[in-house]
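Undergrad: coordinates only, no sequence provided:
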C-alpha cells in the first residue's frame, strides 16, 4: 500500500502552498456572500454544504436573487468563482493530506504502515465527493431552484459526512503521527527545513488575509 515519492516533503510544501493560496482567494470571495432570507445577511459555503434541510439551501440561493441587482450579481460572481477555484483547491488540499499520511506510513511497519496508507489513498474518495458537491451546487444556483427530493438530500448528507469524515480523520491522525515522531526524535534534519517553509507559508497567509480584510473594509 505504501508509495515511494521522491522528495515528498518538497511536494508537500508545494501542495500546501497552493492550498493556502486558494484558501486566500476563497476567503476574499466569501466577503461578498449575501442573501435575503427574511432579512439580508451573510452566508458561507458551509451553509450550502451542510444545510439543516433541503429548503434551507433553496432559501439561501433564492435569497441571492432577491437582493438589489448590483449586490446580487457580485454575490453570484463571487460564489460561482469560489466553486471554480475550489477545483484547484481540491488536489492541493487532499494531496497534502495524502502526502502527510504517506510520510507517516513510511516511518511505520506492518499495521501502522497499512492504516496510514489506507488513510492516504482514501483522500481520493473525499476528492471525488467534493467534485460531486461542487457540480451539484453549481447546478443549484438558479432563481427557479426547488428543494431536492428527500432521498437526494439524504444522499447529499451522506456524501458530506463521508467527505469530512475521511479528510478530518486523515489530517488529525497524520499530524499527530508526525508530532509523535518529532517528539521521540525519529525524523531527518532535512524535514525540519521543509517544516520551516510550511510555517513561513502559514505566516504569509495570515498576514495576506489580514491585509485583504482591511482593504475590503476600506472599500465598503
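TA: Now that the structure is in, tell me what you want to look at. No experiment lies behind these values; they were computed from the predicted model shown. Residues are numbered from 1 along each chain as shown.
Undergrad: pretty sure residue 91 contacts residue 130?
TA: No - in this structure, residue 91 is not within contact of residue 130 by CB atoms under 8 Å, at 10.0 Å. For glycine as for every other residue, the C-beta is placed from the backbone atoms N, C-alpha and C.
Undergrad: now do the helices in the protein.
TA: All helices of the chain, identified by DSSP state H, fall at 8-29, 45-49, 54-65, 69-106, 111-121, 123-140, 150-183, 189-219.
Undergrad: before we move on, the earlier item: which one of residue 91 and residue 130 has more residues nearby?
TA: residue 130 (22 against 15; other CB atoms under 10 Å).
Undergrad: any idea how far the more buried one lies from residue 118?
TA: For residue 130, the distance to residue 118 equals 19 Å [CB to CB, to the nearest Å].
Undergrad: pLDDT below threshold where in this protein?
TA: In the predicted model, the chain carries pLDDT under 70 at residues 1-6, 216-220.
Undergrad: which residues does the residue nearest to residue 53 when sequence neighbours are not counted contact?
TA: Residue nearest to residue 53 in three dimensions, not counting chain neighbours: residue 153, with 7.4 Å by CB to CB, 6 or more residues apart in numbering. Counting by CB atoms under 8 Å, 6 or more residues apart in numbering, residue 153 touches 53, 54, 147.
Undergrad: make a PyMOL selection of the buried ones in those residues.
TA: Selection of the buried residues among those in PyMOL, burial being defined by 16 or more other CB atoms under 10 Å:
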select buried, resi 54
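Undergrad: could you dump the contacts of residue 153 to JSON lines with distance to residue 112?
TA: Formatted as JSON lines, those follow (distance: CB to CB, whole Å):
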{"residue": "53", "distance to residue 112": "42"}
{"residue": "54", "distance to residue 112": "42"}
{"residue": "147", "distance to residue 112": "45"}
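Undergrad: of all the contacts of residue 153, which comes closest to residue 65?
TA: The closest of these to residue 65 turns out to be residue 147 (CB to CB; 15.9 Å).
Undergrad: these two touch, right, the closest one and residue 60?
TA: No - between residue 147 and residue 60 there is no contact, the gap being 11.9 Å when judged by CB under 8 Å.
Undergrad: overlap of the contact sets of those two?
TA: With CB under 8 Å, 6+ apart as the test, residue 147 and residue 60 reach no residue in common.
Undergrad: measure residue 53 to residue 155 for me?
TA: In terms of CB to CB, residue 53 sits 14 Å off from residue 155.
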